[in-house]
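Trainee: Quick one, what's the 3D model for this:
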Amino acid sequence: MHEKERHRVILSKVERQPVVTVAHLVKLLGASEATIRRDIAQLHLEKKLRRIRGGAEAIDPQSAVQLAGRPYSLNEPLNVTKKRMIAKAAAEMCHDGDSIIITAGTTTFKMTEFLKERSLQILTNSWPIANELFASSRNSITLPGGKLYREQNIILSPFRDDASRHFYSSIMFVGAQGLGPIGLMEADPQIAQGVEKLLGQTERIVVLADSSKFKKRSSLVVCGLEKLDTVITDSGIDTASRTMLEDAGVRLVIPEVKDFESNH
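Mentor: Residues are numbered from 1 along each chain as shown. Reported below is the predicted structural model:
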């Protein structure tokens, strides 16, 4: 990870905590202790935080509560090829003229690459997805009202009645923190609430989740498996997870690697 990106994550964490330790940042960023200490020292000199023994603290702590979970920037470089395969299969389910919902996430963002030549009505709570498709496609983009959370690049509203309540879609494409027998899971209650609010606005729910998500769990359940229409994942999915989806009546889609590589 580049220095600029490390600094952004460190500052975001300091604003959220508002005190973070060197040990925590080493684990979070995967950098050496010496590198983290240099980063803190530099940010201290720039008066963006205050260096303290064993870590750093905010100069002017924000009162706003931040979202739980890993920052978008840390998830974005993980399993990139698998995410693109999954996203391509998801995009192939769309047809010009369709109204769709795409929720925020690093896998759902990969759909933008395959939707640039389409003409769709798209509602998304993802700032990167909206920005990318608005700048490089003919798709019509609708954003819900709310607050933009920088770490997760997501727009969330505390109110039930926002722009999303008047948007109806044929398919909703959603990512997940985890996927297990109890259903679709998220790490933060505001994100879970934001996704849950959209479930009644669509005919079909399609989950985009690489195989690592079947090994992850969270305390917040967005919906049960019975509400899902399709799960798109990769060939790394284990037998137990395949059986779990089959027993719940969920369609499983696993893109072929050779088909993907032959076209990219």
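Trainee: List the contacts of the closest residue to residue 35 other than its chain neighbours.
Mentor: Distance criterion CB to CB, 6 or more residues apart in numbering; nearest residue to residue 35, sequence neighbours excluded, is residue 6 at 7.6 Å. (C-beta placed from N, C-alpha, C; glycine too.) Counting by CB atoms under 8 Å, 6 or more residues apart in numbering, residue 6 touches 29, 31, 35-36, 39.
Trainee: now swap in residue 249 and tell me
Mentor: Shown in contact with residue 249 (CB under 8 Å, 6+ apart): residue 226.
Trainee: wait, is it part of a strand?
Mentor: No: membership of residue 249 in a strand is not supported by DSSP: H, G, I helix; E, B strand; the rest coil, which gives coil.
Trainee: Give me the pLDDT for it.
Mentor: Residue 249 is assigned 96 on the pLDDT scale.
Trainee: Show me where the protein has its helices.
Mentor: Along the chain, counting by DSSP state H, helices occupy 3-16, 22-29, 33-45, 72-75, 80-91, 106-109, 112-115, 127-136, 189-199, 239-247, 257-263.
Trainee: if we can go back for a sec, tell me the most packed of the contacts of residue 6, by neighbour count.
Mentor: Greatest neighbour count in the contacts of residue 6, by other CB atoms under 10 Å, goes to residue 36: 24 neighbours.
Trainee: Can you give me the neighbour number for the closest residue to that residue other than its chain neighbours?
Mentor: Excluding the flanking residues, the one nearest residue 36 by CB to CB, 6+ apart is residue 25, at 4.7 Å. Neighbours of residue 25 under the rule other CB under 10 Å: 24.
Trainee: which residues touch the nearest residue to residue 224 once chain neighbours are set aside?
Mentor: In space, and not counting its chain neighbours, residue 224 is closest to residue 183: 4.2 Å by CB to CB, 6+ apart. Contacts for residue 183 (CB under 8 Å, 6+ apart) come out as 221-225, 227-228.
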